[in-house]
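Asks: Provided below are the primary sequence and the corresponding predicted coordinates.
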Amino acid sequence: MIATTTTTALHVEGVVKTFGRTRAVDGVSLTEAQGVIGLLGPNGAGKTTLLRMLATVLAPDAGDLRVLGLDPARADERVEIRRRLGYLPQNPGLYPGFTPFDLVDYVAILKEHTDPTWRRDETRRVLEAVGLEDVMHRKIRTLSGGMKQRVALAAAMLGSPELLVLDEPATGLDPEQRLQLRSLLSASRTVVMSTHNISEVAALCQRVYVVFHGAVHFSGSPADLAGLAAERVWEDDQQDPRAIRSWLTATGTFRHLGDPPAGAAVVDPTLDDGYLLLARRQPGR
C-alpha cells in the first residue's frame, strides 16, 4: 500500500476538461482537508464532470489533481485512491437481476476485500444504515427509485471510505430519507457532493463552491454565501417592480432581492438569496 503523510483530501489546481468545443471544467481550483463540501450550480455547470475527475473516472486535460495526497495520473496511485474512496455517480448502473446484498457484496469484491465474513457483515451494516434491511434480498428490478438510490449509496459507503464523492445523493429520497442521509454524511470524514438543493447545503456543508459555466464563482461557508445578499433583501405587503427578483412567501408577504428603497423593511438574507444574487451576475441573466 502506498503511504501518504498529507492530510489534504482534495487538491485541485487549474483543472480543465474539454469535450469537443465545450469546456466543461474551466480552470477549477480547490483544496479541502475534511468535512462536507458542497458543489452548487445549475444543470450543465460542470459539477458532474468535476466529480468524475475526483473519482478517477475521467482524467483532466490540464491542471494538477491530487486525491488523498495521491496522483490519479499514476496507475498504482489511482488504484490506491479507488481503494480509499466511495463514489455515487449521477446515474448509478445497478444490475437489476442482483439483490442489494449481492450488489454491495460484489462491490466489496471489486475493492479487493477477500474475507467473506467481513464482506457479509459490512454489506449488512451499510444496507441497514440506509434503511434497506427489509429488502436486501429482493431483486433490484422490483425496488422503487428511492430504494435503488439507497443501494448505490450503500455501495459507496462500503468500508467507511476516507473520501465520499457523491453526485446528487438525495435524488429520489423522501423527506425522512433525506434527514437520514444528513445523519450518515455528517459522520463521514470527508464528503464532496453536488446538489441542486440549497437546503441540503445549508444543513450539511461546512464549505460550498458555486459553479457556473465550468468555473468556480464563489467559495466559502454557507453563511458567507448568504452574506452576499446582506442589506439587499426586504419584505413588503406589495410586490416591488424595482426588485431584480421577488416572490410571495408562505406568510403572504413579498420577498424582494435587489437594492431596497428608502424605508424598506430589510431582513436577514438566506442561502437562497445569496445564490440568486450570484446567479444574476452571470452573463445572459
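Replies: Looks like it came in fine. Numbering: from 1, shown residues only.

Asks: C-alpha only now, for contacts and for neighbours.
Replies: OK.

Asks: my read is Ala243 is in a helix, agree?
Replies: No. Counting by DSSP: H, G, I helix; E, B strand; the rest coil, Ala243 is not part of a helix but coil.

Asks: contacting residues for it?
Replies: His256, Leu257, Gly258, Asp259, Pro260 (CA atoms under 8 Å, 6 or more residues apart in numbering).

Asks: before we move on, what about Ala59?
Replies: With CA under 8 Å, 6+ apart, Ala59 has these contacts: Met53, Pro72, Ala73.

Asks: any idea how far the first one is from Ile109?
Replies: Separation of Met53 from Ile109 (CA to CA, to the nearest Å) stands at 23 Å.

Asks: and the two? which has more neighbours close in?
Replies: Remark: of Met53 and Ile109, Met53 carries more neighbours, 17 against 14, as counted by other CA atoms under 10 Å.

Asks: So which elements touch the worst-scoring helix or strand of the chain on mean pLDDT?
Replies: Taking mean pLDDT, DSSP states H and E as the measure, the chain has helix 175-186 as its least confident helix or strand, at a mean of 85. Judged by 3 or more CA pairs under 8 Å, 6 or more residues apart in numbering; DSSP states H and E, helix 175-186 is in contact with helix 198-204.

Asks: right, and the helix or strand after the helix it packs on?
Replies: strand 207-212 (DSSP states H and E).

Asks: Pull up the pairing partners for that following strand, direction included.
Replies: strand 35-40 (parallel), strand 215-220 (antiparallel) (DSSP bridges).

Asks: looking at these, which is closest to Pro60?
Replies: strand 215-220 (14.2 Å; CA to CA).

Asks: circling back: PyMOL command to pick out the buried ones of the contacts of Ala243?
Replies: The following PyMOL line selects those of those that are buried, judged by 16 or more other CA atoms under 10 Å:
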select buried, resi 256+257+258+260
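
Asks: I'd like the contacts of Ala243 as a markdown table, with pLDDT and distance to Leu278 appended.
Replies: As requested, those are exported to a markdown table (pLDDT from 0 to 100; distance: CA to CA, whole Å):
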| residue | pLDDT | distance to Leu278 |
| --- | --- | --- |
| His256 | 97 | 15 |
| Leu257 | 96 | 11 |
| Gly258 | 95 | 11 |
| Asp259 | 95 | 14 |
| Pro260 | 95 | 17 |
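
Asks: and the angle from the host helix or strand of Leu166 to helix 175-186?
Replies: Secondary structure assignment for Leu166, by DSSP H and E: strand 163-167. With axes from the mean of the first three to the mean of the last three CA atoms, to 10 degrees defining the directions, strand 163-167 sits at 150 degrees from helix 175-186.

Asks: buried ones in strand 163-167?
Replies: Leu163, Leu164, Val165, Leu166, Asp167.

Asks: quick one: the second one and Gln238, what's the gap?
Replies: Distance, Leu164 to Gln238, using CA to CA: 46 Å.

Asks: Which residue comes closest to Leu257 once chain neighbours are left out?
Replies: For Leu257, ignoring the flanking residues on the chain, the nearest one in space by CA to CA, 6 or more residues apart in numbering is Val233 at 4.8 Å.

Asks: quick one: that neighbour from Ala250, how far?
Replies: 16 Å.

Asks: ok, the two, which is more surrounded?
Replies: Comparing Val233 with Ala250 by other CA under 10 Å, the one with more neighbours is Val233, at 24 against 7.

Asks: can you tell me which residues contact the more buried one?
Replies: Arg255, His256, Leu257, Gly258, Asp259, Pro260, Val266, Val267, Asp268, Pro269, Asp273.

Asks: and of these, the nearest to Asp174?
Replies: Asp273 (25.0 Å).

Asks: Touching, Glu231 and Ala265? I think so.
Replies: No. Assessed by CA atoms under 8 Å, Glu231 is found out of contact with Ala265, at 9.9 Å.

Asks: Compare those two (neighbour count), which wins?
Replies: Glu231 (16 against 12).

Asks: and that one, what is it in contact with?
Replies: Pro260, Val266, Val267, Asp268, Pro269.

Asks: Restricted to buried residues, select those residues in ChimeraX.
Replies: The ChimeraX selection below is limited to those of the contacts of Glu231 classed as buried (16+ other CA under 10 Å):
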select :260,266,269
